[in-house]
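> my questions concern the predicted model and sequence given below.
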Amino acid sequence: MTTQSVSSDIAAATEILTERSGAVLSIQLNRPTKKNAMTSSMYIGMAEVLDAAAHDDSIRVVLWHGAGDAFSAGNDIADFLNHPPGPGESPQSRLINAFIAFEKPIVAAVHGVAIGGGTTMLLHCDFVYAAESARFQLPFVSLAAGPEFGSSYLLQLRAGYLRAAEAFFLAQPFDATKAAQLGIVTAVVPDQQLLATARETAKKLAEKPAQALQACKRLLRGALHEQLINTVTLENENFSARLVSAEAKAAFAAFLGKGARSSR
């Protein structure tokens, strides 16, 4: 194992934290100074946690949330450009596959910002509670990239074409109430009650007959499974092609330049 891979493993261990409470496994994105922006090691680390939980019969439910003042700002752009996903296996695709294969309930608690992948990953959860102050955004077109995590299929399925087109094409931020209207969020709750509400739902789910609950999830998702896998493949091909385009290079350079100016 190289020094670089060792440091990546250490980072993943500190940036993806887990905690057990009975049959509920809590997963916390723990990179608060970067608004829990996802690095390659974090995608792999979370995929490994989900894969392990899938095979642990003592775990019945996953509760997912973020540290600090945000859920997730999506990709860490600098890390992302240094490790761009290709059309095949990538850290992002590992997590996508882990979500698709996961048959136990996932309950998410969203506060602060959920941008890009911070929003699209929520489409793979079974319950999503958002704080009243939460803000969402799908900025892929503005970055000259494209939808990912199966979102071009899942969001249209829930919200309809016109609302999905508005969210993707204009790429404007939207609030928790709009996220509920789009079918991304189960319910909007007061900020101070967010984590308690999500934990209560996770506890209720953990008390249900586990095999029946998982069978129900398989049935609900069964008809969607093949289309979702096909969509993910097409999205990955499009995303990797877009990243090497001139307009994407210009958009990412402008984004990084704006970030450098705002930090001065």
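Now that the structure is in, tell me what you want to look at. Numbers count the residues shown, from 1 in each chain.
> shaky segments in the stretch 1-150 of the chain?
Applying pLDDT under 70 to the stretch 1-150 of the chain flags the ranges 1-12, 86-88.
> over to the stretch 151-264 of the chain?
Scanning the stretch 151-264 of the chain with the threshold set as pLDDT under 70 gives 258-264.
> which ones are touching N75?
A37, M38, G116, G117 (C-beta atoms under 8 Å, 6 or more residues apart in numbering). C-betas here are computed from N, CA, C, even on glycine.
> of these, closest to I16?
Closest approach to I16 among those (C-beta to C-beta): M38, at 9.7 Å.
> measure that closest one to H83 for me?
As judged by C-beta to C-beta, to the nearest Å, M38 and H83 stand 11 Å apart.
> could you pull out the helices for the stretch 101-250 of the chain?
For the stretch 101-250 of the chain, helices defined by DSSP state H, counting those that start in this stretch occupy the ranges 117-120, 151-159, 161-170, 176-181, 194-206, 210-222, 225-243, 246-262.
> run the angle between the third one and helix 151-159 for me.
For helix 161-170 and helix 151-159, the angle between their directions (axes from the mean of the first three to the mean of the last three C-alpha atoms, to 10 degrees) works out to 140 degrees.
> compare M38 and H83 (neighbour count), which wins?
Comparing M38 with H83 by other C-beta atoms under 10 Å, the one with more neighbours is M38, at 28 against 17.
> make CSV from the helices of the stretch 101-250 of the chain and add distance to D51 and mean neighbour count to it.
Shown next, in CSV, are the helices of the stretch 101-250 of the chain (distance: least, C-beta to C-beta, whole Å; neighbours: other C-beta atoms under 10 Å):
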stretch, distance to D51, mean neighbour count
helix 117-120, 19, 26
helix 151-159, 21, 20
helix 161-170, 30, 15
helix 176-181, 28, 18
helix 194-206, 19, 19
helix 210-222, 15, 13
helix 225-243, 17, 17
helix 246-262, 31, 12
